[in-house]
Structures are given as structure tokens and as C-alpha cells.
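Chemist: with the input below, show me the fold.
(chains A and B)
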Amino acid sequence: MTESAFWRATCMLNKLSSMSQLKQLQAIITKSGLHSHITFTTKFIFFSALSTMGNLSYAYSLFQQSSIVMNNPFICNTMLRAFSKSSFPFQALYIYNHMKNTNVVSDSFTYNFVLKACSRAYKFIQESGSCSCGDDELRVVSNKGAEIHCEVIKIGFENDHCVQSSLLYMYSQFGLVSVAHHLFDQIKDTSLVSWNIMISAYDRIDDYESADYLLESMPCKNVVSWNTLISRYIRLSNVEAARRVFSCMPERNAVSWNSMIAGCVSVKDYAGALELFSQMQNVGVKPTEVTLISVLGACAETGALDIGNKIHESLKVCEHKIEGYLGNALLNMYCKCGNLSLAWEIFNRMRMKTLSCWNAMIIGLAVHGYCEEAFKLFSEMEESLGSSIRPNQVTFIGVLVACSHKGLVDKARWYFDHMVKRYQISPDIKHYGCMVDLLSRHGLLEEAYRMIKTAPFQNSEVLWRTLLGACRTQANMELAKISFQQLAKFEQLTIGDYVLLSNIYAEAGRWDEVERLRNEMDYLNVPKEAGYSQIDMNESIKLS
DNA sequence: GTAGGGTTAG
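Modeler: Sure, this is the predicted structure:
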């Protein structure tokens, strides 16, 4: 090891600006025998884990290379920090356990990151929902959080401002807002951050009175306080009120824009979202990952492949990492816009895949008729159970849609059964929808009928409507009549329902019934739905 | 010899 080689490498290290450079530098220092120098490893891991050009799974593989690396407190904190804000917060908890088990020294940073990981893990379990094991998982995470809180007090970090904020945030994510408030009251000199956390905590449990009280009492407001207010209105689908706050607030940052864009997407105002996106760039606010995720969502829903492609290109140019939410948004956009080969490319390049990635790809393949590929991917997913990925209700929609596409009745029955027996997932209306559609289109009207009758839902009109549609193609007047009567029990019958039944009668030559239905329609004044379509023109969406 | 943190948006 020569000193000049060391300095040359250090100099290159400070100018590091892409993963390819990082790998080149790695090769150089390996040759010169400097590879065991912890300074280099630290920088490599830091860059890979946290840079926008990084690669988290690569960072993790570097982390695992030796016990010297794994027992370095700064490196552990770096991995903890990266996982805590990734789509894999559970990995952060593993790192924390590893630190405890091997006596790696923890500091206030460690607690800050691991508390954040608990908050995120809790949120992820909540959002994945609907599985019966979810409650146990939530309990495990909240116990872990409380345990770490005890540790914080024991070691004496409870007066650290950032740790305090992370604790407030964690308890408010757990839904324990009163616990958070109790801690807040005990803080001697509260920071603006802690006020903002409490306000959004009350907002999230819809206690606007308490939120507004805090908002009024706080010593001064900042852009985050205003953003919290924007997101309240967005959550209430009141985009106009959000817009008013947005235009009056003294200062706007990327989050303010992101909230407005996401708000438009959530009320399906995709053109509005794209308009805000271009305004944001015009006033010189740099889009963040979150901006792109929302905009890609708008592209996916409207088929604006051009804009989606442009975003992908710009990410490639600045070598931005494609993983997590962003990777999934791109994947989803390509699937929805029908470019399956680019979707595959994104999917295969993502080293650490979330459940949403698998689901988006399986559904993408299924709806575009690549059914064998969808089944194959599902099997791969089941075989990768060691990676803690397990199919959920959305995954089964994918395989059922694939069965439906190819008319594979037996296979669909098998998946339906498999979902309940192996994964304890109770089928929802969409799974029944797939089954009823498939069965009835294959002439198994009686079986479809029995299925709807035993379905545990109140709102099964969409199922009856599917059956009614199939009764027309199968010319089954008896079941058509039953379906129509069932439909009439729900809200107002649509024009489509009348047309279907009337066509069934017409085809059977029952003109008297056709006449009766027409009169009934006029008498009840059944609303007609205007048809519309969307086209992508000069990067904006037109309705026609 | 030396890095790094909490809130709002998905």
C-alpha cells in the first residue's frame, strides 16, 4: 500500500458521482491492496445506500462482507437510516437487533433511525391490510417501538430533540396520539418540528379541533405547517380549499407542489396534475421522487406514455436509482400503457422487489394476455417465500384475471381455493367478480348464480350485472329475470341493465316484454350515461 | 481524520 495510491483514491472518492464510478474505484483500490481500508468501505456504503444514484441492495451486500464492517457503528447507522426510509423498514429492525446482539455502540442517531423504521413498518403493515395476521404484526412493531423508547430513557437520549420528534411521530403513527401529546407536554423547549408532528397527528385522526388549536397556539408557522393544512384538504378531497391555502401561503416548497399534484391525481383530475407539474418546473422547483411517482400515476391512468417515457429517460440520464415506490410507479405506468417489455426490464432490474412490484407485473401480464407468464411469475413468487414476500388479495386478482382471459375454469377454481386454504385470504368482491365472469362466460351460469348467492357481501350488484350480461349471450331468460330482479333491489337500475334484459327478450321474440321494459324506462326516467374517451394531445389530456 | 438526524407529499 503506497501513500500516493491512498491519496489518489481518496481524491477520486470525494468526486464520486455514479455507481459505475464507484465500481471502477473499487476495482482500482482492490488492485492496490487498499480494499480493506474502512474509510473506502464507509464511503461506498454511504453512497450506495443513500445517494439518489445509489443502489440499496448493493450497499447491503457490501455491508455483509465482513464483521469489521458490520460492527462499525457509523456504517450500521447508515444502513439503518437507508432501510428506515426505504420500502423495507423491517430490514432496519434486523440491523438494530444485530447491533444489540453484537454490542455495536448505539448513539442518538441509531435511535432516531430505528424509531422512524418502527413508524414506517407500522404504516406498511396497516396499508397492506386485510390479512388476519396483520394485527399480530402491528402488535409486534408497537411493542418493539415501546421497548426502544425504554432503551432511549435508559441510555439517556430522551432529551435529544431529534429523538423526541421521532418518538412523537412514532406514537402518532401507532394511533396513540394521547401518548404523543403527553410526551409533547413534557418537552422543555419544543421545536417547530414537534409542533408540526402533533398537528398532523391530530389531523390524521380527524380531530381538526385539536389540530387547529395547536396551529393557533404555536409560536410561529413554517412551510411544513401550511403543507399539513394542504394535505388535510386533499385527504378530504377538497382540492379547491387546498388550492386556496397553496396560493396564499408565504412560501412553497416541493412538498407543497407534490401534495397538490397528488391531490389532483386522487380526484382523477389527471390533466390538472400534469398542468401543476409543468408549472412547478416553470417556477424552478425541482421535482422530487414523489412528484414523479404522482405524475407517473397520472400517466398510467390516462395512457400518457410520452410523458412517462420522458420521465424514465431523464432518470436514466442522471443515473437516478430505480427502486422502491419510484420503480413501482414506472413499472405500473408501463404495464397500464401496455409496454410490457419495458415493464419487464424495470421489474428484472429491481433487486429488492416489494409485494406491489410482483403484483403490478403479474396483473400487467394477465390483462395483456400473457397468462402463462403470469402463472409462472406467481409460482416464482411463491417459491421466494424466504424473502418474506407472500401473495395477497391483489396478487390473486392477477392470476384470476389470467384464468379468465384464457377461460381456464378449473385453474381459477384451484387458485380461489388455494387463496383461502393456503394464505387465509378471504376473497373480496373482485375475486368473486372474476369467478362469476369466468364461469358465466363458459356457460356455467348455475354455478355462477350459486356463487353470487353465497357471496358474503351486501353490494353484489356488479356480480348480478355480470351474470345478467352472460344470460344474454347464453340466452337464459330465467336467470336473466332473476338477476334483473336482484339488481332492482339495489340502487337505480342503469340504462345498460334495461338494454341487456330487453335484448334478451328481443332475441327470444318476446316483444311484449321488450315493450313493457321500454315503457318502464321512460316512466322511471332512467338516466342515460354519456360516453367519452380520452386522447393524449401535445402532452395534455383531452376529453372527447 | 471523518462523515449522519426529526415534521408535511407517495
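Chemist: doesn't A:Q21 fall inside a helix?
Modeler: Yes: judged by DSSP: H, G, I helix; E, B strand; the rest coil, A:Q21 forms part of a helix.
Chemist: ranges for the strands of chain A?
Modeler: A:534-537, A:540-543 (DSSP state E).
Chemist: for those strands, which has the smallest mean pLDDT value?
Modeler: Among the strands of chain A, strand A:540-543 carries the lowest mean pLDDT, at a mean of 54.
Chemist: does A:S108 really touch A:S165, like I thought?
Modeler: No: if you go by CB atoms under 8 Å, A:S108 and A:S165 don't touch, sitting 11.5 Å apart. Bear in mind the C-beta positions are built from the backbone N, C-alpha and C, glycine included.
Chemist: give me the more crowded residue out of these two.
Modeler: A:S165 (21 against 18; other CB atoms under 10 Å).
Chemist: and the residue nearest to A:W511 when sequence neighbours are not counted, what is it in contact with?
Modeler: For A:W511, ignoring the flanking residues on the chain, the nearest one in space by CB to CB, 6 or more residues apart in numbering is A:Y505 at 7.6 Å. Applying CB atoms under 8 Å, 6 or more residues apart in numbering, we find A:Y505 in contact with A:477, A:511, A:513-514, A:517.
Chemist: give the PyMOL command for selecting the buried subset of those residues.
Modeler: Selection of buried members from the contacts of A:Y505 for PyMOL, criterion 16 or more other CB atoms under 10 Å:
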select buried, chain A and resi 477+513+514+517
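Chemist: so what's the residue nearest to A:L377 when sequence neighbours are not counted up against?
Modeler: In space, and not counting its chain neighbours, A:L377 is closest to A:I362: 5.3 Å by CB to CB, 6+ apart. A:I362 is in contact with A:374, A:377-378, A:381, A:395, A:398-399, A:402, counting by CB under 8 Å, 6+ apart.
Chemist: for stretch A:33-53, which positions count as buried?
Modeler: Applying 16+ other CB under 10 Å to stretch A:33-53 flags A:34, A:40-49, A:51, A:53 as buried.
Chemist: next one: stretch A:415-427
Modeler: Buried residues in stretch A:415-427 (16+ other CB under 10 Å): A:415-416, A:419, A:423, A:425, A:427.
Chemist: list just the nearest of the residues you listed to A:A329.
Modeler: Closest approach to A:A329 among these (CB to CB): A:I425, at 25.2 Å.
Chemist: the closest one against A:V394, yeah?
Modeler: No: applying CB under 8 Å, one finds A:I425 not in contact with A:V394, separated by 9.9 Å.
Chemist: ok so, going back, just give me the closest of the contacts of A:I362 to A:V224.
Modeler: The closest of those, once distances to A:V224 are taken by CB to CB, is A:T395, at 36.7 Å.
Chemist: isn't that closest one right next to A:F378, touching?
Modeler: Yes: applying CB under 8 Å, one finds A:T395 in contact with A:F378, separated by 6.9 Å.
Chemist: more neighbours: those two, which one.
Modeler: A direct count of neighbours by other CB under 10 Å for A:T395 and A:F378 places A:T395 higher, at 24 against 21.
Chemist: which ones are touching the more buried one?
Modeler: Counting by CB under 8 Å, 6+ apart, A:T395 has contacts A:355, A:358-359, A:362, A:378, A:381.
Chemist: make CSV from these and add pLDDT and distance to DNA strand B to it.
Modeler: Output for the contacts of A:T395, formatted as CSV (pLDDT from 0 to 100; distance: CB to the nearest atom of the strand, whole Å):
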residue, pLDDT, distance to DNA strand B
A:L355, 91, 15
A:W358, 95, 18
A:N359, 95, 15
A:I362, 96, 20
A:F378, 96, 25
A:M381, 93, 23
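Chemist: what is the nearest of the contacts of A:Y505 to DNA strand B?
Modeler: A:L517 (44.4 Å; CB to the nearest atom of the strand).
Chemist: and that closest one, what does it touch?
Modeler: A:498, A:501-502, A:505.
Chemist: closest to A:Y432 out of those residues?
Modeler: Relative to A:Y432, and with distances defined as CB to CB, the nearest of the contacts of A:L517 is A:L501, at 21.7 Å.
Chemist: what about the nearest residue to that closest one once chain neighbours are set aside, distance to A:A506?
Modeler: Nearest residue to A:L501, sequence neighbours excluded (CB to CB, 6+ apart): A:F484, at 5.0 Å. A:F484 sits at a distance of 14 Å from A:A506 (criterion: CB to CB, to the nearest Å).
Chemist: equivalent analysis for A:M361, please.
Modeler: 43 Å.
Chemist: compare the two and say which is more crowded by neighbours.
Modeler: A:M361 (28 against 15).
Chemist: where does the stretch 1-150 of chain A have low pLDDT?
Modeler: A:1-3, A:129-133 (pLDDT under 70).
Chemist: now it against DNA strand B: closest residue?
Modeler: A:N77 (3.1 Å).
Chemist: contact partners for the residue nearest to A:L501?
Modeler: With contact set as CB under 8 Å, 6+ apart, A:F484 has these partners: A:468, A:493, A:497, A:501.
Chemist: so the second one makes contact with A:N525?
Modeler: No: proximity of A:L493 to A:N525 does not meet the contact threshold set by CB under 8 Å, at 11.5 Å.
Chemist: have a look at these two and say which one is more surrounded.
Modeler: Applying other CB under 10 Å to A:L493 and A:N525 shows that A:L493 carries more neighbours, namely 18 against 8.
Chemist: OK, contacts around the more buried one?
Modeler: A:484, A:487, A:524, A:526.
Chemist: and the residue nearest to the last one when sequence neighbours are not counted, how many residues sit next to it?
Modeler: By that I understand A:V526. Nearest residue to A:V526, sequence neighbours excluded (CB to CB, 6+ apart): A:I495, at 5.3 Å. Using other CB under 10 Å as the criterion, A:I495 is surrounded by 12 other residues.
Chemist: I'd say A:I495 and A:D522 touch.
Modeler: No: using CB under 8 Å as the test, A:I495 is too far from A:D522 to be in contact (11.5 Å).
Chemist: in helices, which of the contacts of A:Y505 appear?
Modeler: A:477, A:511, A:513-514, A:517 (DSSP state H).
Chemist: tell me which parts of the stretch 1-150 of chain A are close to DNA strand B?
Modeler: Residues of the stretch 1-150 of chain A found near DNA strand B (CB under 7 Å from any atom of the strand) are A:38-39, A:42, A:46, A:73-74, A:77, A:81, A:85, A:107-112, A:116, A:119.
Chemist: among those, which ones are buried?
Modeler: A:42, A:46, A:77, A:81, A:108-112, A:116, A:119.
Chemist: where in the stretch 201-350 of chain A is pLDDT low?
Modeler: For the stretch 201-350 of chain A (pLDDT under 70), the answer is none.
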